[in-house]
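**Student:** Got a predicted structure plus its sequence, pasted below:
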Amino acid sequence: MSGTTLRMLALAVMVAGCGGAADEPPATWRADCPPVTSAAPLGIDAARAAYADAERRHEIRLREAAEPGTFLREMHALLPWDELAAGRMCPQEVADLGGLVFEHEYGYADGLGGGTATSNGPFRRVHEGRFGGPETISCASCHWVGGPVGAGAETDNAFLMGDGERPDSGDARNPPALVAPGVVEALAREMTRDLQRQRDDLVRAGTDGEVRLVTKGVDFGVLRVTAKGEVDVAGLDGVDPDLVVKPFGWKGTLPTFVDFSNEALQVHLGVQSADLLARADAGILGAGDDHADPDGDGVRRELDRGPFAAMAVHLALLEMPIVEPMIQDRPLQPAASALLAPTTTSFAEDFQRGRAQFHALGCATCHHPMMVLESPMLAVEGLPPIDLSREMHQPGLRWDAALGGYPVWLFSDLKRHDMGAQNAARHVQEGVPLADYLTPRLWGVADSAPYLHDGRAPSLDYAIAGHDGEGSAARAAYAALSMHEQGALRVYLTSMRRAPRVVVP
Amino acid sequence: MLAALAAVLAVLRAQAGDGTPPDPRLRDQFAVDASTLPDDALLLKQLAAAVELRHRENFDRMLDAKEPGELIEHATLTEVDFDHRTLGIDTLFIVGDELFGYLFRPENGWGSKDSARTSPDQSPQLRRVHQGVSGGPEAFACFSCHAKGGPDGAGTQSQIALMRGDGARTTSADRRNAPHLLGLGPVALLANEMSTALRAQVDDARRRAQADGRPVEQALTAKGVSFGHVVAKSDGTLDVGGVDGVDADLTVRPFGWKGHQATLRGMTEESLHIHQGLLSKRVQLGVRDGTVDAGPYGTGRWDDVDRDGVSLEIDDGMLTTVVGYLAQLEAPVIRPPRDPGLLDAFAAGRAQFDAIGCAGCHVPTLELDDPRLDAQQRAGAELPPFVIDVAKDGDGPKIEPKYAGARTSYLVRLFSDLKRHDMGPALASPSPQGTIPANVFLTRPLWGLAETAPYLHDGRAPTIHDAIVLHGGEATPAREAYLALDEPGRASVRVFLASLSRQPKLFVP
C-alpha cells in the first residue's frame, strides 16, 4: 500500500471513528452491589475460594456431559445483554460468570469450528488465511503458562494466515499472557485521546504547522498539517495514521482486548461472537448464506453479546504483575535428601544494578517502565464504565498523589518498532510492515517463557539475542557487558513476575 | 434435576427480551458451594507447602538468572550421583519435578544440527511437524505438552504432536494427542506382571509339548485379559499366529497410543529425543558400539550424534530421575457428582458402561501384585536397583490395597486391558507404526479422562459423545449399543465418564 493511500485511508477512519462512537449516554452499574472484597492472595480464604472454584468447574463439566450445550445456553439465559448494558447486574458477579465462559471447552453444540469439520475432527493446526484454524477448544488451552490466563508454550504457537497445512506458510505467534488487559486498554485510550487532541488542535489552528506527538512520555513522531487542513502522516513513528494506539496483538493491530477476543474466538476456536458477525467480512467469518451462521456449522449466533461481554469484564478485572527483588531470608530445609538447602541470599543488589543497566543499555527506551493512568474508568463492550481501581483483582491500580494518577509498571511504550530482518513476518497484518512489532510488555515476564513473538527463545538470553533492527543497539550493548552485569540485568527481569495466587486446577 | 433445569430454561426463553431478570434458580447452578472443602488445618498445611514450593522455584530461577546453568544443575542427577550419594526416593521426585518443568536450551543439547545453536546469538529453530522418526523438536520442556488439568496432565489440542511427517506439512503427519501422566507407575508394573504371566504360560506349554511329544495349544491370559493362544510344537518352536493384542514376544507394551513402549524409561528416552532433540548417553554408546542404529538420531560421530555441539545431553541418571518421578505421581480418582440428579445418572452410567460393552476393553480394574518399581530399569545394569513403591511413595492419592494388612495386592482402576485392538479404518493412522497396523491401538486407560478433552489418539473428538461415536472396528458393537440407548441412558454413560478425574490440589503457579 502506498503512503498516499494510507493517508487517505487514515482520514476516512478518522471520520468514521468520530461519527460512529457516540451511542447514548453511558448507564451506570447498580448502586447496591456488595463491596468488593479481596482476600489476601495467599490466605486461607483464597485457598477456600480456589477449591470451591474447582468443585464448581467439575460440576459444570458433569452437567455439560449430561447435556452438551447446557453451559452456554445457561450463560445466555443468565447474562441477557439488556440487563448487562443497563447495569442491572454487579461487575463482580458478571466477571465471575465471565471467567467460566473463558475456560469453557466448546463442542459442536456450541458452534466449535466451521463447516469444514470432517470425520477427522474440526481441527486445523495451521490457519487457512484469515478464517483461521480452529486449532483448539478453549481460551484456557493456550493461556496457561504461569497460571490461569497466562501465556502459551511454544507448542501452543498459532500459525496465522497460512495455507492450512504448512506451519512455515503462516506466521508463528506465541500466545501472550493476558495480564491486566483492562489497564492496558485504559492507558491506550488515554494515549489515543492525547494524540488525536494534538492533531485536532493543529488542524483547528488552520495554518501550516507541525506537532511532535508525545503522550505519557512516548514520542510518536511528527504530524504536519497545511493551512488547507491536509494532514501529512509521513513523520509518524510507531502508530497508525488514525493515531489510535493499538496495544493488543504482537503487531499492535487491535485497540481493544474485546476486538482481540472476538477475533481469537473465531480464528482459534471457530466460535462466532455477535460482535464479529455484525462487523467482520466473509474473509474471516466464512461465506455461508445464512448471515447468522456464515461458517456453516449449523449453529446460529454462537456467542451472543451477554456472555461475551461477561468474559470481557472478567478479563478487564485481571490483576497486575509485580516487580519485586527476591530476598531469600528464611532458613529452609533441603527440598529432599541429599540436596543442599537454599542459602539465605539477597538479590537486592543485583536487582538495583540490573535496573540501572536496563536504563543504561537502552532497554528502557522501548520497554518504557511506567506510565501514569489518569482515569481508572473503562467502558468495555458498551457496558457501563467500570472503575478498575475499585473492581479489579489485586494487585490493582493505586492512586499516587505525587504523580497525579495511577502508576502502571508495564515496561512498554505501546508503540511499534522495526525489529529487523531476523524477526520479519511472512504476511503483512493490517498494513503493519513485516518487521514491525509492538513493544511487548515485560511485566510478568519471568512467568511467560518462552519468549519473542514466535516463542523461539527458551530463556531471557535468547530473547535478548533475538532483538534486531531498532533493538540491535541494546542487544549489542548487553552482549558487551561482563557476565556479572548480564546476570544483574537478568535478575532484574526475573523480578518481573505474576503476583502469586492460589489455584486449584 | 435435568427436567427442572429444562423447565427453568423454557421459562427463560419465553421471557427473553422483555427485561425480566434471570431466574435465581438458574443462578444457583453457578454458585460456589463451600460444603465439601478440606478442613482448615489441612488447607493451611497445603497452602504453606504450595507457597514454599513457589518460593523455592523463584529462588532457583533467580539463581539461574544470575548464573545460567543453575536450573539444569538442579534438574540433573548423574549416574555418578547415583553411585556415590545417598539419594532418597524424595530426591528423585524433587529433581524430576524440576527437570519436567525445565525449558531445555541449545547449550543443554536441545535440538540437533539443523535446529539448535550453541550460542544465544542465533535462535533455536522449532520444527512443528516431525521429520520422520527423528522428530521435531517442537518443545523446550516436558510440561509444554503435559499440563492440562494440572501438573503432569494431558496436552491440549494446540499442543498436538505431528509425528513421522515430512517436516513441513501437517497433513503428512500422524497426529498424537499427549495423554496425562498420572498413575503410570502402576501401569508399568501391571504390564510387566502381565508379560511375565504370558511368558510363563508359553514356557509351560513348551515343556508339555516336549514332554508329550505333540503340539500343545495354550490359551494366553493375564489378569483376566485374553491375548489369544500359542501352539507349542514338540520341537520347541512356537506358533504365535493366534496371539492377539500383544507383540509376538509377548511383552505387554502399555505406553504410546499404539502401545509400542514397554517401560517408562523407554518412553522418556524416546520423548526427549523426538520432542526436544535430546539424546541419551545410552543411544550414544550404542552408536559407538554398533548396537544402536544411528539413523533416527543423526549423522555425527558417536560423541555428538546429532551434531549440535553438545556431547553429553541426557545422562542415564537423568532418565532414572524421570522414571522415579513419574512412578511417584498420584493416581487419578473418581469424583461423583454432588447434584442428586446427576448422581443418579452417574450410578446408572456406571452400570451401562458394563452393560453396553465398554468394559470389555476398558476393563475397570486390574489387580497389581507387587507395587515395587525399579527406577533403574536397565537390562544388564550393574547398579543396585532403586526401588519405588508406587502404592506408597510420592504424591497421593495412591492405588488402593485390596486387603488390610501387610500382604495385599492393589486395585488399579485404570479402565483398560492394556491390550491392542482393531479400531476400524476411520480411526486408522496414516500408516503402520513399526509392526503395529494403522488401525490398531492400545485400549486407552480412561482414568483421569475428565480433564483431557479433546479425545482420541489425534484429539479429533471435542467431547465425550464424539469420542464414543468415533469408535469403530472391535468397538463397533459397543458404539451401536450406546447409540441404541435412549438419551438419558447415553447421558448417564457420559456423566460417569466425566467423573473420571483427578484429586483437586492447591498450587501457587
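**Tutor:** Structure's in. What do you need? Numbers count the residues shown, from 1 in each chain, chains lettered A, B, ... in the order given.
**Student:** other SSEs contacting whatever helix or strand A:Ala47 lives in?
**Tutor:** Here A:Ala47 sits within helix A:44-66, counting by DSSP states H and E. Contacts defined by 3 or more CB pairs under 8 Å, 6 or more residues apart in numbering or on different chains; DSSP states H and E place helix A:44-66 against helix A:70-78, helix A:91-103, helix B:40-66, helix B:340-355, helix B:487-498. Bear in mind the C-beta positions are built from the backbone N, C-alpha and C, glycine included.
**Student:** change it to 6 Å
**Tutor:** helix A:70-78, helix B:40-66, helix B:487-498 (3 or more CB pairs under 6 Å, 6 or more residues apart in numbering or on different chains; DSSP states H and E).
**Student:** what's the closest of those to B:Glu98?
**Tutor:** helix B:40-66 (7.3 Å; CB to CB).
**Student:** How many residues are close by residue 33?
**Tutor:** Using chain A here. 14 (other CB atoms under 10 Å in any protein chain shown).
**Student:** that's the wrong chain, I meant chain B
**Tutor:** 12.
**Student:** Could you give the separation of stretch A:494-505 from the chain centroid?
**Tutor:** 18 Å (CA atoms, centre = their mean, to the nearest Å).
**Student:** Now it: average pLDDT?
**Tutor:** For stretch A:494-505, mean pLDDT rounds to 96.
**Student:** residues in contact with it?
**Tutor:** With CB atoms under 6 Å, 6 or more residues apart in numbering or on different chains as the test, stretch A:494-505 has contacts from A:41, A:46-47, A:50-51, A:54, A:146-147, A:319, A:321-325, A:351, A:395, A:442-447, B:54, B:61-62, B:65, B:149-150, B:504, B:506-509.
**Student:** A:Thr345 - nearest residue in space that isn't next to it in sequence?
**Tutor:** Counting by CB to CB, 6 or more residues apart in numbering or on different chains, A:Gln328 is the residue found nearest to A:Thr345 once chain neighbours are left out, at 4.9 Å.
**Student:** what comes up buried for stretch B:231-241?
**Tutor:** Neighbour-count burial for stretch B:231-241, with 16 or more other CB atoms under 10 Å in any protein chain shown as criterion, is recorded at B:231-232, B:238, B:240.
**Student:** right, and out of those residues, which lies closest to chain A?
**Tutor:** Proximity of these to chain A (CB to the nearest CB) peaks at B:Val240, which lies at 33.8 Å.
**Student:** Give me the distance between that closest one and B:Leu220.
**Tutor:** 10 Å (CB to CB, to the nearest Å).
**Student:** With A:Ala309 instead?
**Tutor:** To B:Leu220, A:Ala309 is 61 Å away according to CB to CB.
**Student:** now A:Leu100
**Tutor:** 49 Å.
**Student:** Chain A contacts on the stretch 251-400 of chain B?
**Tutor:** B:335, B:337, B:342 (CB under 6 Å from any CB of the partner chain).
**Student:** ok, now the stretch 401-509 of chain B?
**Tutor:** Residues of the stretch 401-509 of chain B lying near chain A by CB under 6 Å from any CB: B:426, B:453-454, B:460, B:462-464, B:491, B:494-495, B:498, B:504, B:506-509.
**Student:** Could you check the pLDDT of the residue nearest to A:Thr345?
**Tutor:** pLDDT recorded at A:Gln328 is 93.
**Student:** Around it, count how many other residues there are.
**Tutor:** By the criterion of other CB under 10 Å, A:Gln328 has 18 neighbours.
**Student:** show me the contacts for it.
**Tutor:** Taking CB under 6 Å, 6+ apart, one finds A:342, A:344-345, B:59 in contact with A:Gln328.
**Student:** Then A:Pro395?
**Tutor:** Residues near A:Pro395 by CB under 6 Å, 6+ apart: A:319-320, A:499.
**Student:** Which ones among those residues map onto helices?
**Tutor:** Among the contacts of A:Pro395, no residue falls in helices (DSSP state H).
**Student:** Highest neighbour count among those residues?
**Tutor:** So for those (other CB under 10 Å), the most neighbours sit at A:Met320, 24 neighbours.
**Student:** any idea how far that residue is from A:Val184?
**Tutor:** From A:Met320 to A:Val184 the distance is 10 Å (CB to CB).
**Student:** Residue 465: neighbour count?
**Tutor:** I'll assume chain A. Neighbours of A:Ala465 (other CB under 10 Å): 21.
**Student:** switch to chain B, that's the one I care about
**Tutor:** Considering only other CB under 10 Å, B:His465 is surrounded by 21 other residues.
**Student:** what's the answer for B:Pro454, then?
**Tutor:** By other CB under 10 Å, the residues close to B:Pro454 number 28.
**Student:** Show the contacting residues for it.
**Tutor:** B:Pro454 sits next to A:137, B:157, B:461-462 when contact means CB under 6 Å, 6+ apart.
**Student:** same question, A:Pro450
**Tutor:** Counting by CB under 6 Å, 6+ apart, A:Pro450 has contacts A:154, A:457-458, B:140.
**Student:** can you rerun that using 10 Å?
**Tutor:** A:145, A:151-155, A:157, A:174, A:456-459, A:462-463, B:103, B:124, B:126, B:139-141, B:144 (CB atoms under 10 Å, 6 or more residues apart in numbering or on different chains).
**Student:** what do you get for A:Tyr451?
**Tutor:** A:Tyr451 touches A:151, A:154, A:174, A:440, A:442, A:445, A:457-464, A:466, counting by CB under 10 Å, 6+ apart.
**Student:** Kindly reformat the contacts of A:Pro395 as TSV containing distance to A:Asp275.
**Tutor:** Listed next are those as TSV, based on distance: CB to CB, whole Å:
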residue	distance to A:Asp275
A:Glu319	25
A:Met320	26
A:Ala499	30
